[in-house]
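Undergrad: Structural data only, the sequence is not supplied:
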């Protein structure tokens, strides 16, 4: 794991976007198609606003989410809606996007079907994640129902998971996330930096982000 500190959030957003573009271009030199996994939430939106205009062969980029709420794609809480509004526009509109939510299908069945369809996408070429102050990443929440299965070395790629008091979610499993060739974790604030310090010495069962720190670059600004 490496740690990079930035003078402010604006500088982080610009430089991380540039690093991601470089990683995607490098991957495209040796692969016919590349897989690009990104988070939802508020943190990545400004990064997406820059990435969407990048001059790369987006038609060879397969975009996926790290996790998703089990809600329709037009729901304001849908991560897919965020991607369609802020990443899959401009030049990046040419990218292939695989949504995880499947209408009128049980979540467990949908996860199995999507996991099978995505087998050719692994390992992830470029991965971007966030982290919560509770040390979750993607939808790998501490004490969540389904966390043990998602941390298992033989886990399926996509699994249902539900944290107490939250809606049903699905998440890419820890082995799939951790095997990414290029990994970036973006965090803001002193509370998350302190949480990262705790996570580095903790088991993934307590601090799920610890399952994906190996080889990751942490990007932080206050």
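TA: That came in fine, so what should we check first? In this text the structure is predicted, and so the values were computed from the model without any measurement.
Undergrad: rest of the way, CA atoms for contacts and neighbours
TA: Noted.
Undergrad: Can you tell me what sits against the strand ranked longest in the chain?
TA: Longest among the strand segments of the chain by residue count, using DSSP state E, is strand 182-188. For strand 182-188, the external contacting residues (CA atoms under 8 Å, 6 or more residues apart in numbering) are 9, 23, 43, 124-131, 193, 215-222.
Undergrad: That one pairs with which strands?
TA: strand 126-129 (parallel), strand 217-221 (parallel) (DSSP bridges).
Undergrad: May I see the PyMOL selection of the buried members of the contacts of strand 182-188?
TA: The buried subset of the contacts of strand 182-188, as determined by 16 or more other CA atoms under 10 Å, is captured in PyMOL by this line:
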select buried, resi 9+23+43+124+125+126+127+128+129+130+131+193+216+217+218+219+220+221
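Undergrad: Show me which parts of the longest strand of the chain are buried, residue by residue.
TA: Quick answer for strand 182-188 (16+ other CA under 10 Å): 182, 183, 184, 185, 186, 187, 188.
Undergrad: May I see those residues arranged in JSON lines, with pLDDT and distance to residue 47 as well?
TA: Formatted as JSON lines, the buried residues of strand 182-188 follow (pLDDT from 0 to 100; distance: CA to CA, whole Å):
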{"residue": "182", "pLDDT": "98", "distance to residue 47": "17"}
{"residue": "183", "pLDDT": "98", "distance to residue 47": "15"}
{"residue": "184", "pLDDT": "98", "distance to residue 47": "12"}
{"residue": "185", "pLDDT": "98", "distance to residue 47": "12"}
{"residue": "186", "pLDDT": "98", "distance to residue 47": "10"}
{"residue": "187", "pLDDT": "98", "distance to residue 47": "13"}
{"residue": "188", "pLDDT": "97", "distance to residue 47": "13"}
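Undergrad: ok, the residues you listed vs residue 27, which is closest?
TA: residue 182 (9.4 Å; CA to CA).
Undergrad: and the closest one, bridged to which residues?
TA: Bridge pairing for residue 182 - DSSP bridges - gives residue 126.
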